[in-house]
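Participant: Here is the input, now give the coordinates:
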Amino acid sequence: MKILVDRDSVCIGDDVLPHEMEFDVDDTMTVQDFFVFLEMKKYLPSIQGNDVAWELCNGGEEIAVYFTKDQLLTNSSQLLKGIIEENNGNNLFVLLYHCTPEAYLERKNQRESL
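Facilitator: Model (predicted):
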């Protein structure tokens with residue numbers, strides 16, 4: 001199956017090239033497999049201190065969050081194929097960068113309070 005992936009830039013120098021890429025992946029790929037795949041492809045930039053959070057979204061909704069320092073991942077067993085089917089075939093996955101886990105939690109709390 002084909003998926004599109006895009007991510008936030010992490011610094012000014014990271015803005016030079018576009019981040020949207022298309023990948024052909026197996027129908028059985030889980031969220032955990034997806035992040036392993038992205039790391040193998042060196043898609044996620046290395047951040048000094050390695051204590052950031054990457055929020056995975058599809059259709060404008062949070063699907064999972066990867067906390068790099070502790071290598072914790074929410075919703076790790078969810079199938080990408082199921083996510084795509086639930087969102088009417090939307091195969092674009094967007095990774096939102098949060099400079100710290102606390103910044104992610106603060107942003108999440110702000111969204112929930114709206």
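
Participant: Only C-alpha atoms from now on, for both contacts and neighbour counts.
Facilitator: Noted.

Participant: Need the CA coordinates for the lengthiest helix in the chain. CSV is fine.
Facilitator: In the chain, taking DSSP state H as the definition, the longest helix is helix 101-113. Extracted in CSV, the C-alpha atoms of helix 101-113 (Å, rounded to 0.1, in the frame of the first residue of the first chain):
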residue,chain,number,x,y,z
PRO,A,101,7.4,16.0,25.9
GLU,A,102,6.1,18.8,28.1
ALA,A,103,5.5,21.0,25.1
TYR,A,104,3.5,18.2,23.5
LEU,A,105,1.4,17.8,26.7
GLU,A,106,0.8,21.5,27.0
ARG,A,107,-0.4,21.7,23.4
LYS,A,108,-2.6,18.7,23.9
ASN,A,109,-4.2,20.2,27.0
GLN,A,110,-4.8,23.5,25.2
ARG,A,111,-6.6,21.7,22.3
GLU,A,112,-8.7,19.7,24.7
SER,A,113,-9.8,22.8,26.6
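
Participant: residues of stretch 45-56 that come out buried?
Facilitator: Neighbour counts over stretch 45-56 (16 or more other CA atoms under 10 Å) mark 51-56 as buried.

Participant: Which pair of those spans the longest distance?
Facilitator: 51 and 56 (16.3 Å; CA to CA).

Participant: just the helices in the protein please.
Facilitator: 31-40, 80-86, 101-113.

Participant: Turn these into a markdown table, including mean neighbour count and mean pLDDT.
Facilitator: Compiled in a markdown table, those are given as follows (neighbours: other CA atoms under 10 Å; pLDDT from 0 to 100):
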| stretch | mean neighbour count | mean pLDDT |
| --- | --- | --- |
| helix 31-40 | 16 | 96 |
| helix 80-86 | 17 | 97 |
| helix 101-113 | 12 | 93 |
